[in-house]
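1. predicted model, plus sequence, below.
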Amino acid sequence: MDREDPGPASPFYPVIVLANTANQPRARPSSGIPSPAVRSAAERRELLKAVYEEARGCVRCQLHQTRTTVVFGNGNANADLMFVGEAPGANEDRLGLPFVGQAGKLLDKLLAEIGLERKDVFVANTLKCRPPDNRDPHPGEIEACNEYLRSQVDLIEPTVICTLGNFATKLLRADSTGISRLHGREEVRIIGPRAVRLYPLYHPAAALYTPSMLEALRADFNRIPELLALGPPEQPSVLEVPELEEGDSIVVEQLPTSPEPEHAAQLGLF
Ligand code: URA
């Protein structure tokens, strides 16, 4: 897909902003699963900053050799709605922000049509670094970058994730079904420790050049408020524990917790 977006950049947003509503913890669905402590927006932001710091110096794949900037993502760390695109294009690579070209303008327009702004949502990509000449992401690059996206989803805890285009949709559904079959069909998926409403959409860059796709994208977009109004899906209530043979040992992964206050104070990076 051509991600070259030569138009003027959209207005800047801080990399991560807080919602007006919050330093309040978000309401969470009741479930049997032991969940990490309910995080405030400020805690989410601080934890995201730590992931961003790691991503900034990332050399996990070859794209670090050609990138100008790591495009971590931006928006509201406490958002209920998250968008996941493909990869930064030339403008994004230059400015360090996602969706700042023509596709970003279309995203802003469609958001405005449903009464939302960028500051209400969090926008990220499957890859944090631009593939040279806007070529498609390679599987190894997606794999190398996946942990950053997973951390973003785990920390933001969105209710609805809109995947934009094939790459994000295939990655988060762990399935090769294409976007033309899936767009506009919401489903509940377990991503990390939580259930989310996954909502595949056409990529705005593709819709820029194909009127029928734009029409479909707009129609699908118009259903986002309805999905948000449903609230978080029911969360998994049973932890799947592998059956153990005698002598087996298991490693229990530590769930992320809020940073110690003195540590958080050192993270004033944004
Ligand atoms: N296309 C994407 O998928 N992401 C961007 O950030 C810009 C264009």
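-> Received the coordinates, thanks.
2. could you pull up phi and psi at Ala77?
-> Per-residue torsions, Ala77: phi -60, psi -10 (degrees, to the nearest 10).
3. that one: neighbour count?
-> Counted by other CB atoms under 10 Å, the residues lying close to Ala77 total 27. All C-beta atoms are positioned from the backbone trio N, CA, C, and that covers glycine.
4. what's the answer for Asp220, then?
-> Burial of Asp220 is recorded as 19 neighbouring residues (other CB under 10 Å).
5. now do the SS call for the residue lying closest to it once chain neighbours are set aside.
-> Distances taken as CB to CB, 6 or more residues apart in numbering put Gly184 closest to Asp220, at 4.0 Å, once the chain neighbours are dropped. Recorded secondary structure, Gly184: coil (DSSP: H, G, I helix; E, B strand; the rest coil).
6. distance of Gly184 relative to Arg45?
-> Distance of Gly184 to Arg45, given as CB to CB, to the nearest Å: 32 Å.
7. residues contacting the residue of the chain found nearest the ligand?
-> Per CB to the nearest ligand atom, Gly85 is where the chain lies closest to the ligand, at 3.0 Å. Going by CB atoms under 8 Å, 6 or more residues apart in numbering, Gly85 touches Pro98, Phe99, Ala103, Val123, Ala124, Asn125, Thr126, Leu164, Gly165, Ala168, His203.
8. ok, back up a step: who has more neighbours out of Gly184 and Arg45?
-> Shown here are Gly184 and Arg45; by other CB under 10 Å, Arg45 has more neighbours (24 against 16).
9. and that one, how far from Thr69?
-> Distance of Arg45 to Thr69, computed by CB to CB: 20 Å.
10. helix or strand with the lowest mean pLDDT in the protein?
-> Least confident helix or strand, the chain: helix 261-264 with a mean of 33, by mean pLDDT, DSSP states H and E.
11. who's in contact with the longest strand seen in the chain?
-> Counting by DSSP state E, the longest strand found in the chain is strand 194-201. Outside strand 194-201, the residues that touch it by CB under 8 Å, 6+ apart are 153-154, 157-165, 169, 172-173, 179, 182-191, 217, 220-221, 223-224, 227, 230, 232-236.
12. burial count for Glu147?
-> Counted with other CB under 10 Å, Glu147 comes out at 14.
13. just the local confidence number for it, please.
-> We have a pLDDT of 98 for Glu147.
14. quick revisit: buried among the contacts of strand 194-201? Make that a ChimeraX selection.
-> Buried members of the contacts of strand 194-201, defined by 16 or more other CB atoms under 10 Å, are picked up in ChimeraX with:
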select :153,154,157,158,159,160,161,162,163,164,165,169,172,173,179,182,183,184,186,189,191,217,220,221,224,227,232,233,235
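15. where in the stretch 51-200 of the chain is pLDDT low?
-> Within the stretch 51-200 of the chain, not a single segment meets pLDDT under 70.
16. how long is stretch 79-89 end to end?
-> Start-to-end span of stretch 79-89 (CA to CA, to the nearest Å) is 24 Å.
17. same question but for stretch 118-133, I mixed them up
-> Using CA to CA, the end-to-end distance of stretch 118-133 comes out at 27 Å.
18. which parts of that stretch are buried?
-> Those would be 118-131, for stretch 118-133 by 16+ other CB under 10 Å.
19. Leu81 contacts Ala124, doesn't it?
-> No - judged on CB atoms under 8 Å, Leu81 makes no contact with Ala124 at a distance of 12.0 Å.
20. ok, back up a step: Arg223 is in contact with the residue nearest to Asp220, correct?
-> Yes - Gly184 lies in contact with Arg223 (CB under 8 Å); the separation is 7.1 Å.
21. tell me which residues are up against the helix or strand containing Glu141.
-> If you go by DSSP states H and E, Glu141 is part of helix 139-156. For helix 139-156, contacts defined as CB under 8 Å, 6+ apart pick out 39, 44, 47-48, 51, 54-55, 58, 60-63, 72-73, 77-79, 82, 84, 122, 124-129, 131, 161, 167, 171, 191-194, 196, 256.
22. secondary structure element for Phe167?
-> helix 166-173.
23. so what's Ala55 up against?
-> By CB under 8 Å, 6+ apart, the neighbours of Ala55 are Val70, Phe72, Lys128, Tyr148.
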